Structures are given as C-alpha cells and as structure tokens.
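K.L.:
With the input below, show me the fold.
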Amino acid sequence: MKIFTGQVVSTKMNKTATVAVERIVVHPMYKKRFKRTKKYHVHDELGVKVGDKVSFVACRPISKLKKWKIIEVVDKKKKEVKKPVSKEGKKK
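P.N.:
Presented below is the predicted three-dimensional model:
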C-alpha cells in the first residue's frame, strides 16, 4: 500500500479535495531534471484547506474519480500577515 504526499489545490467539491503530487523526472537522453505534477481527487473527512500538505492512500472506489482517502494532515498552511503600506514611503 503506497502512501502519497501532496498539496491541496482545491476544496470546492463536497467531501472531496484535489491534491497535486509533484515528482522529479530525469530526461533519458539529456539528463535534465524537471518536475511533473499529477492531480488526484481525494476523499476528505478531515476538512482540509487549500495549501495544506496531506498524506493519502488508495482505498475502495468511492465514485468515478475518487479512489484515494486522506489519512493525515502533514502540514497546515500558515496565514500570511499583510504589512500595512505607510503613506510616508510613497512619492508624489
């Protein structure tokens, strides 16, 4: 049973999250490394948010596209604090 780790990119569906899994591939001739991304529709009972890093595993088919289930949230997305722009720094 293989465990995948990826980042949540969408949670617009009910009890479903779209998770992007990134992997590095080496070109067979030129040996250049580049990233490939694959998206999975994952069953979400934990209520994850966009930007969270999650681990998921294969399970029985839940629907046409959902065959994966989230087992844990590895890392939560941190809230970004926006700094107020001072009026003194702007030039007229």
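
K.L.:
State the distance from Arg36 to Leu65.
P.N.:
Distance check for Arg36 against Leu65: by C-beta to C-beta, to the nearest Å, it reads 20 Å. From N, CA and C alone the C-beta is placed, and that goes for glycine too.

K.L.:
what do you get for Lys78?
P.N.:
In terms of C-beta to C-beta, Lys78 sits 30 Å off from Leu65.

K.L.:
just for the chain, where's the confidence low?
P.N.:
Across the chain, the ranges flagged by pLDDT under 70 are 80-82, 85-86, 89-92.

K.L.:
quick one, strands of it?
P.N.:
Using DSSP state E, the strands of the chain run over residues 3-13, 16-26, 33-43, 53-58, 68-75.

K.L.:
Mean neighbour count and distance to Lys87 added to the ones you listed, as TSV?
P.N.:
Below are the strands of the chain laid out as TSV (neighbours: other C-beta atoms under 10 Å; distance: least, C-beta to C-beta, whole Å):
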stretch	mean neighbour count	distance to Lys87
strand 3-13	15	37
strand 16-26	15	40
strand 33-43	13	42
strand 53-58	17	38
strand 68-75	15	37
